[in-house]
Structures are given as structure tokens and as C-alpha cells.
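Peer 1: coordinates for the following, if possible.
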Amino acid sequence: MLLIEQNPQESIREYVYRFLKLNIIHLNLPPGQNISEQDVATQLQVSRTPVREAFIKLAQENLLDIIPQKGTYVSLIDTEQVEESKFVRETLEKEIIQHACTQFPAEELFQLQSSLALQELCISEKNYLRFFELDEAMHGIIFKGCKKSRTWNMLQLMNAHYNRVRILNLKDKAFEWDQLLVQHRELVRAISEQDIVLGAKIIDVHLNKVVVDLEHLRAEHSDYFMQIKRQPFSI
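Peer 2: Okay, here's the model as predicted:
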């Protein structure tokens, strides 16, 4: 697992939770893997109490399955949650982009432009995790520039399964990173030039890519996904 430093104002419980969630999202703790309180406590050199509390919180977020008398497992990716998260994000972000293309602060626009240069560097170095972080931060900056940071934070609470699919996509050797960067550039251009039509067009293509690639990912990594519930056939 990827070790991270504890932030100065962060409690041990918050730190353990953030450590586990990051590793689940980044697939260092892959779907279906067994995980024990004692192992995590030993690795982080903390007591089991904050680990247990983090487990409970992650279970409430559908990222861990705690099965009495059997153990705790990283939840399989639920495609229904992926599609619901995509629906909510798409619905909100289309409105945000429309607002951003009408008026957007110069400071946040500069941050978006700076992010593009860093994303290009990530592609050249094939650093998909850092690219994912920059991608997330970029969308967060757009929400912040529209004074909707709390809306972005709300989205993050339901994006875990969606983001695991995005990470899986970025890890795929066949994934076209350059295409994603082109979309980001066009999005920033739409905001800079106040082009609402271009902004709406790009965000629609951009956010739908996860769903388009979902069947391929399910076929390649079937053990990572929950089985699709089939409706009983009736005449």
C-alpha cells in the first residue's frame, strides 16, 4: 500500500481513513481483497480503535464489506453506483461549465492553464496517478471558480466507485491519455473564450468516456466488478 504522511491538524482516525480510502481508490487495495484491522494498525503503528472506526466509515460509503465471522473485504465495483455518480456529476457539471463560460476569475483560470502543463508532463512520464490527481484538482478548481466548492465536496462523497473505474481506465495500456488532455485544453479554452457551446460539447464527451469504456473494463477485469443483476424474464 502507498504510505502517506499525517497532516498536522489531522486526527489519527482521519489519517487512517484517508490512507485506506486513497489506497482503495488507487486500487493498491484491489476490489475483493481481504483486509484486517491488525495488519493496518501494525503498518501505520497505531491502535486498532481508529482503524476500526475508519473501517466502519468506509463500509458506510460502500467501499468495504464487513462480514461477521468471515472478515472485511474491499468492495467490488458496483456499476450502478458508477452510472449514478456519472449522472449526478454530468448534470451538475454541465451547469457549472455554463456558468464558468460566462464569468470566471483570472486566478482560477491561471491555475487551470498551469495544470495543463503539469498534465502534459505526467503523460510524458506515464504517471497515471499524478495525472488522475491533477484531473480531479482541475475540475475542483472550476467548481471553486464558480463559488461551488461545497458542491464539489458533496460530489466527492459519492464518486468512489466512479473514480476506481477512472483509475482502472488510466492504468489501461490502450487508454488514450492524449485524447483526455486535448479535452482538458478545449475545456479551458471554452472558459477562457467564454464559449458556452464548446464548453457544453466538451464536458458531455469528457464525462461520458467512463461509461463508454465500462464494458471493456468489465471484460478485462471481471473479478473487480459486482455481477450485473439480471431481471427475471417474463412473457
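
Peer 1: now do the lengthiest helix in the chain: everything it contacts.
Peer 2: Identified as the longest helix of the chain according to DSSP state H is helix 196-220. Applying Cβ atoms under 8 Å, 6 or more residues apart in numbering, the external contacts of helix 196-220 come out as 79, 82-83, 86, 89-90, 93-94, 97-98, 100-102, 162, 165-166, 168-169, 172, 180, 183-184, 186-187, 189-191, 225. C-beta here means a position set from N, CA and C on the backbone, and glycine is covered the same way.

Peer 1: can you flag the buried ones in those?
Peer 2: 79, 82-83, 86, 89, 93, 97, 100-101, 162, 165-166, 168-169, 180, 183-184, 186-187, 190-191, 225 (16 or more other Cβ atoms under 10 Å).

Peer 1: keep only those of these that are in helices.
Peer 2: 79, 82-83, 86, 89, 93, 97, 100, 162, 165-166, 168-169, 180, 183-184, 186-187, 190-191.

Peer 1: which ones are touching the closest residue to Ser85 other than its chain neighbours?
Peer 2: Spatial nearest neighbour of Ser85, chain neighbours left out: Tyr162 (3.8 Å); criterion: Cβ to Cβ, 6 or more residues apart in numbering. Residues near Tyr162 by Cβ under 8 Å, 6+ apart: Gln81, Val82, Ser85, Lys86, Arg89, Val210.

Peer 1: spatially central residue in this protein, please.
Peer 2: Nearest to the mean C-alpha position of the chain, by Cα atoms, centre = their mean, lies Asn163 at 2.8 Å.

Peer 1: many thanks, we can stop here.
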